[in-house]
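# coordinates only, sequence not included:
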């Protein structure tokens, strides 16, 4: 089955620690996205990538970093500079950027502070 | 940026139709209207999208007002599995971003 796999499902971060969230897709999609969702809120865009080796900041990129070395992978690092990292993180992909194709989402990673 | 407005919550009886409204008065001519739904602790699931004409698929129908300033997602026969938060979203002209609001929490009553 094609889809998006996010891991781990739950993650805990200590103060001053960087943590990396994994996102892998086997849909052969060009575009990938990272969103953050806080309780009772909608999704906010952190970063997106239209093609390998290229990515752009979204609305709330401060304290986060990404890489896109392979088409199928788009990991997100939550750095120690992100002072309020506790949230539900969602990765998504779509066939192409600049298209009106729907986004496909993973099942998310829930990050908490120890 | 164009944004959407939805009621916070709605209820429906099982096996009855549900009409979920969305206002998007600042929509631009090239913005597509997308609907997603989300179950607790899961990622959003695509439901339907459209530009100007009404759209139907196996999950739902999308009715778009003639002036495109509002739209309605129609679930023809609500089931308990349809209980979720429904998001009405505009995709901007670059196609790069989706703008999610807080959505409508749908409760289906047996």
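Yep, that arrived. Treat the numbers as computed from the prediction; the structure is a model and nothing was measured.
# okay, residue 76: pLDDT?
If you meant another chain, say so; for now it's chain A. Among the per-residue scores, residue A:76 holds a pLDDT of 98.
# other chain: chain B
So residue B:76 comes in at 94 (pLDDT).
# cool, and residue B:3?
pLDDT, read off for residue B:3, is 83.
# likewise residue B:94?
So residue B:94 comes in at 69 (pLDDT).
# Following the chain past the lowest-mean-pLDDT helix or strand in chain B, name the next helix or strand.
Across the helices and strands of chain B, the lowest-confidence element by mean pLDDT, DSSP states H and E is strand B:98-99, at a mean of 74. Helices and strands here follow DSSP states H and E; after strand B:98-99, the next one along the chain is strand B:104-109.
# list the buried ones in that following strand?
B:104, B:105, B:106, B:108 (16 or more other Cβ atoms under 10 Å in any protein chain shown). For the C-beta atoms, the positions are set from N, CA and C on the backbone; glycine is no exception.
# what residues does chain A put near chain B?
A:4, A:6, A:31, A:35, A:40-45, A:48, A:50, A:56, A:58, A:88, A:90, A:92, A:96-100, A:102-108, A:110 (Cβ under 8 Å from any Cβ of the partner chain).
# and residue A:10, how many neighbours?
10 (other Cβ atoms under 10 Å in any protein chain shown).
# For residue B:3, which non-adjacent residue is spatially closest?
Among residues not flanking residue B:3 along the chain, residue B:99 sits closest, at 6.2 Å (Cβ to Cβ, 6 or more residues apart in numbering or on different chains).
# what's around that neighbour, how many residues?
22.
# now stretch B:39-59, how far from the centre of its chain.
7 Å (Cα atoms, centre = their mean, to the nearest Å).
# quick one: contacts of it?
By Cβ atoms under 8 Å, 6 or more residues apart in numbering or on different chains, the residues outside stretch B:39-59 that reach it are A:4, A:6, A:43, A:88, A:90, A:92, A:100, A:102-108, A:110, B:32-38, B:60-64, B:68, B:71, B:73, B:75, B:84, B:86-87, B:91.
# mind listing what the residue of chain A found nearest chain B touches?
Closest contact between chain A and chain B, by Cβ to the nearest Cβ, is at residue A:105 (3.1 Å). By Cβ under 8 Å, 6+ apart, residue A:105 lies in contact with A:4, A:90, A:91, A:92, B:43, B:44, B:45.
# Mark which of these are buried, thanks.
Judged by 16+ other Cβ under 10 Å, buried ones among the contacts of residue A:105: A:4, A:90, A:91, A:92, B:43, B:44.
# If the third one is in a bridge, with which residues?
Pointing back at residue A:91 there. Using DSSP bridges, the bridge partners assigned to residue A:91 are residue A:34.
# Tell me which residues touch the most centrally placed residue in chain A, please.
Nearest to the geometric centre of chain A sits residue A:34, at 2.9 Å (Cα atoms, centre = their mean). Contacts of residue A:34 were listed using Cβ under 8 Å, 6+ apart, and they are A:23, A:45-48, A:58, A:64, A:66, A:74, A:76, A:89-92.
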